[in-house]
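# Turn this into a model:
(chains A and B)
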Protein chains: 2
Amino acid sequence: MLPDSDYKKLTAPESIALVGVTSRTGRGSNSPLEVLIKRGYQGRIYPVNPKGGEILGHRVYPSLSDVPEVPDLAVICAPRDAVVELFGQCADKGVKIVIITAQGFFDGDEEGILMQQELLNLAAKNSIRILGPNTLGIVNNYYNFCTSFIDYINPIKPIGITCQTGTFYVGASQLCTGTGILVDSGNTTDISVSDVIGHLARDPRLKVIDIHLESLHDGIKFMEAAKDAVPLKPVIIYKTGSSPAGSLAASSHTGSLSGDDRVFAAAFQQCGLLRVADIEEMADLNKAFCTFSGIRGNRIGIISISGGAGVMAVDACVRFGLEIADPTRATLEQLSPLFPKWAHCDNPMDIWPVAIFHGYQNCLRRFLEAYLQDPQIDAVICMTGSFLTTDEDFLDVTDLIREIAGKYPDKPVVVSSCGNNYPYYEEELEKDNTVVYYFSLERAARALAALYKYHHLIKNKKDWSAALSLHPGQREAAVRLLAGKTGNLSQADALTLLKAYGIPVARWGRAKNIDEAAALAAGIGYPVTMKILSPDIIHKTDVGGVRLNIENTRQLEKAFAAMHTEIEHKQPGARLDGVIIQEYLPEGIELLLGCKRDPAFGPVLVFGAGGVFTEILNDVSLRIPPLSREEIKAMIEETRVSKILAGARGTKAVDMELLINCLVNLSELMLANPAITEMDLNPLIANRDRVAALDARVILG
Amino acid sequence: MLPDSDYKKLTAPESIALVGVTSRTGRGSNSPLEVLIKRGYQGRIYPVNPKGGEILGHRVYPSLSDVPEVPDLAVICAPRDAVVELFGQCADKGVKIVIITAQGFFDGDEEGILMQQELLNLAAKNSIRILGPNTLGIVNNYYNFCTSFIDYINPIKPIGITCQTGTFYVGASQLCTGTGILVDSGNTTDISVSDVIGHLARDPRLKVIDIHLESLHDGIKFMEAAKDAVPLKPVIIYKTGSSPAGSLAASSHTGSLSGDDRVFAAAFQQCGLLRVADIEEMADLNKAFCTFSGIRGNRIGIISISGGAGVMAVDACVRFGLEIADPTRATLEQLSPLFPKWAHCDNPMDIWPVAIFHGYQNCLRRFLEAYLQDPQIDAVICMTGSFLTTDEDFLDVTDLIREIAGKYPDKPVVVSSCGNNYPYYEEELEKDNTVVYYFSLERAARALAALYKYHHLIKNKKDWSAALSLHPGQREAAVRLLAGKTGNLSQADALTLLKAYGIPVARWGRAKNIDEAAALAAGIGYPVTMKILSPDIIHKTDVGGVRLNIENTRQLEKAFAAMHTEIEHKQPGARLDGVIIQEYLPEGIELLLGCKRDPAFGPVLVFGAGGVFTEILNDVSLRIPPLSREEIKAMIEETRVSKILAGARGTKAVDMELLINCLVNLSELMLANPAITEMDLNPLIANRDRVAALDARVILG
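Purely as a prediction, here's the structure:
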């Protein structure tokens, strides 16, 4: 997080230098000076341009050195080829916060990358913090402050935005008709979302934070910042570049690494971020969080102008995990006399049979009031009819909905409508911030689900991480084993390493020839499994290098011979180092436990269904360690295979504590040994009494 | 499908009787007569009301018998208690098409259900076709015709709509600012979507058909009607009541059966319907199909005002299965000199570095034209900037986009924008029907994907069904086996039945005691499997009633004893009829083949991953037979397990023809034997040479 004073200098400076500002003004001039003046910025402005003179009544300084004070903030507005020199002026002047607007650095060519590196070196030497390059900078609507060179309409709304593209500045009004404070970090060379969201979360004027993220350098720093912000305020995140093709476009755009989307998904979930799929969902959630300060539960009352639309509303609620409320008997007894005798009085409430006799407005008033008073209803979705007909404007219910909803501020009322009311309805309903309108019932339900998720599942979530707790000897064992090695660790070393870290391994041993193998098998006890040992063979099963369920010495001898013949045939010339003999564990569930090192987040733990069909089942969950045991349990329960672990038809429940131990130990192994870039245990066999890895792959960087 | 003359009487009658019409007029009167007059209907109108007199200049007839001709269509506008009597008047008069508006029939109470049944009996006796009850009836904007009692604004648009709720009449303007012809079938007692869509598909004025469906009585009739319509016109379907809770609401609403959503999904897919998740998606697709007559392929060119938005557009395209176009070398050579030297010239095209120097309008014109001329680009997504700023209105590009897009009518151009241009942008861009605007890039990509899907994957799809081809003897074998039986068929009968229908079964036999079992096993050949035979034990595995891989007589004897002890312990008192001895097939993939009889669609074929974890893997695909071999192949390929069948790591590819044969035969077994309500083969073992069912459950109704 930026120090308070730096954040203030960045977003609400008392003085600003516009270094390299254009001397043009007016239509199409792209002058940030003009924008600042129009916005009514009250701080001191110092335009800097070698030509000197005056622009719009402001004296222009030929060089930053001529400026009579050290400004809080400098914005370098020149094209990229002038940037390094102007940045040098900033350093000489002693400016500590610099925004760089120009494109063409990490987002550009080889030369741009070198220039950005030069800026970073200069910044480090002079303790300067950089926002950008390739950014429109800051909007602070509470301070009449904006560093952009185009002046978009952007009214005050209690939304804090951090983004990596100017699109969000330009589009802020679309995200919820405005913003409070916006920080565009562009290429994110230095100042990033992680430096800023803590401040946004503590700004009492803001109700919600939006993050747009293309890429991350430091995932752990990001997660810490997010975990700090989420209990204070809902944080919505729109991650782009999430498709393989999009991520390619992202890496050429911002010049930094884009990671595997699944890792991001795990990180966002662990931090309690509300991830959205597109800009429209972001705008929808913004509206809900700006309007409603909470929601008591997820039991939804539905009041509909039509039975058919009531069915749609139920579908939408179920789709987003909301419950269809059961109104109290008192509510139903109060309302049912209004209906004709043949009609159903229940939630979802189709009020048309009442409205046609008692008038739509009267009827909606009674039902809405009754629903909002009902202790078994937490929020209301109201599906209204169209009223913009040729003469049926008496159907307009916008005023009455606002009036009634305003009396029950702790119960969200969201409205959707069928008919040509849009956008009139939206504007009318939302004008005093008591009610929210959505074009479709699905969007209405999605927004309520996000409110519920934030206030009940995320906001007060206990910390999910746990401290590292290495046992004595573990670190030494690893150091000894890994010393000087690279690439694939041998099977034997891998199993030894696991054991040192307390991860159970099926009994095993190495044998150079059939005699050693027979002795070993006798010691371990039949049945056994035999696997070929070879630095050249990666997928042993594919070449016949694995023999299961060997029951006695005779079978062992036959299998040994057959295996060698098959490998000779399928991979001639492979170097063979003997075999591994391992106890055969016929009963149990095959699992995959793994870990990979992500460039942004470090170790990422993977759990899921194992065995030869791992890729096809694609049944895994991810987390970023260290993790609490509760979080590991949640991780396991996300997978389909967890239902089998709990004891599905004919199988016995697996000892969950043993399994959690394995994942804890695996995390610690990865965290304590940076040399390991990737490892997986596949399969790890789990049954009622026991958990044991049969095979392990450990890759060193 | 309705006969032409009936369809004409329903949607474009030359004369209409409004039976039981209100004598009130004006604000809130709910008079369909007033609506008809306002719409400018040119046919002959006969108001019928016992009070007689005159309404709005029209003579009122005290009874339908007083009307001077047999009207093409009668609309019964009275409340439900008067309906049966007035329907009798229609029958006496000889009216053949009747619309019933009132609610409270199948959608109401017991009395309502009886009344609806009475109407159906009367209709059958007098050859009358009914639309409704519980319907607003018909809108035919090409004929100034509307039977609703409220006059909503509903401009002419080339969209045909059939629905089961008045919501779509009220909301038609929301679905794409209007409609051409709309048929609301309400409770759908008689005339249904299946009677109507063939006519809509053949109406040259309509470009797209929308179906809203809550429930279906005759799934096969529906599928035939849909398969007839789809090659003529895109058909969009919004199925509501798809959640279990929603389906409950649906069945109380329309008083008819709502089926399993997966069956509907299979049926829609087989017919080539474009299923949407909500009303907004329906509106989005309507716009695309009303504007674009086709699309050449799915290679998308992206022109964006910002790099960040370009990344979002790529994500959106990938999410909906579109390809990111590779522009030709000529296109790139033409455009790249416009960029500063550091910038990338490639698709997605971030034109900001060009626009800032050459002007946004100039630049967009050149890029859009170049993209639309490029033979490697099939459609363009254009992400524009906001222009509604304080003084930057020169950024408005709506005219130029329409102008250029208009020159290339075979290449869809869809626009999204960031900034506060909405809804101005939408209206401006769409006003001459050359371009479509969407609020988000995801919606833009989704619409293009639907265009591609319809024109390339659906429209010309060959028929997916196949004729039944029973072999001699099959029917007799089944009749013999099933005669007089109900409930669960015995395991032995089930396997015999399968064999009669050409579905391979692992060699097996019944044994009453251990001596018979041993003799049988010797005949079949070890290894064998032994399973308990008992009418009381459903899940044999759960009580230890299945023993696999028995290798010799000694093991058989031990297993026989152990099995009986375990069953005695776990299910004491279960009746035991001996055991089944079956050849043990250790190698191969466990599959599930099944069939269930759906109330609307009849037999539904199920294929997927089998074994004890079937439910957990939840890896199945469904189809409605009879099916062509191609369709069965597609069905298999939808599952994850199909990747294993094709030969994943260490396994051999399964003989697909043998598997397809099984599914063909299973379909025929179900189609030819209506007594079977449900059956499954689980597991069916498939390997390279062989397919064989090990276990079968057959349930008779």
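# Helix, strand or coil: sort out A:Met530 for me.
For A:Met530, the assignment made with DSSP: H, G, I helix; E, B strand; the rest coil gives strand.
# which one is it nearest to, not counting chain neighbours?
Closest residue in space to A:Met530, ignoring its immediate chain neighbours: A:Arg547 at 4.7 Å, by C-beta to C-beta, 6 or more residues apart in numbering or on different chains. Placement of C-beta: from N, CA and C, glycine included.
# A:Gly186 now?
Leaving out its chain neighbours, the residue that sits closest to A:Gly186 by C-beta to C-beta, 6+ apart is A:Thr135, at 3.0 Å.
# now A:Tyr452
Spatially, and ignoring its direct neighbours in sequence, A:Tyr452 is nearest to A:Asn298 (4.4 Å; C-beta to C-beta, 6+ apart).
# number of nearby residues for that neighbour?
Residues lying near A:Asn298 (other C-beta atoms under 10 Å in any protein chain shown) number 21.
# Spell out which residues sit in contact with it, please.
A:Asn298 makes contact with A:321-323, A:378-379, A:448-449, A:452, A:456, according to C-beta atoms under 8 Å, 6 or more residues apart in numbering or on different chains.
# how about 7 Å then?
Taking C-beta atoms under 7 Å, 6 or more residues apart in numbering or on different chains, we find A:Asn298 in contact with A:322-323, A:378, A:452.
# hang on, the earlier thing: so the residue nearest to A:Gly186 sits right up against A:Ala102, yeah?
No. A:Thr135 lies out of contact with A:Ala102 (C-beta atoms under 7 Å); the separation is 9.3 Å.
# quick one, which of these two is more surrounded?
A:Thr135 (29 against 24).
# quick one: the more buried one is in a strand?
No. Assigned with three-state DSSP, A:Thr135 falls outside any strand and is coil.
# ok, it to A:Cys77 distance?
Using C-beta to C-beta, to the nearest Å, one obtains 11 Å as the distance from A:Thr135 to A:Cys77.
# Between these two, which contacts overlap?
A:Thr101.
# Check the burial of A:Arg329 by counting its neighbours.
9.
# and it, how far is that from chain B?
As judged by C-beta to the nearest C-beta, to the nearest Å, A:Arg329 and chain B stand 19 Å apart.
# now do A:Gly94
Counting by C-beta to the nearest C-beta - A:Gly94 and chain B are separated by 30 Å.
# Write out the residues of the stretch 401-550 of chain A neighbouring chain B.
A:418-420, A:422-423, A:439-442, A:539, A:541-542 (C-beta under 7 Å from any C-beta of the partner chain).
# Quickly name whichever of the contacts of A:Asn298 is closest to B:Glu551.
A:Glu323 (54.5 Å; C-beta to C-beta).
# For the residue lying closest to that closest one once chain neighbours are set aside, give me its contacts.
Once flanking residues are discounted, A:Glu323 sits nearest to A:Arg299: 4.9 Å by C-beta to C-beta, 6+ apart. Each residue near A:Arg299 by C-beta under 7 Å, 6+ apart is listed here: A:323, A:325, A:376-378.
# And for A:Arg27, the neighbour number?
By other C-beta under 10 Å, the residues close to A:Arg27 number 9.
# What's the local residue count around A:Lys431?
When neighbours are counted by other C-beta under 10 Å, A:Lys431 registers 11.
# mind checking pLDDT for it?
If you check A:Lys431, the pLDDT there is 92.
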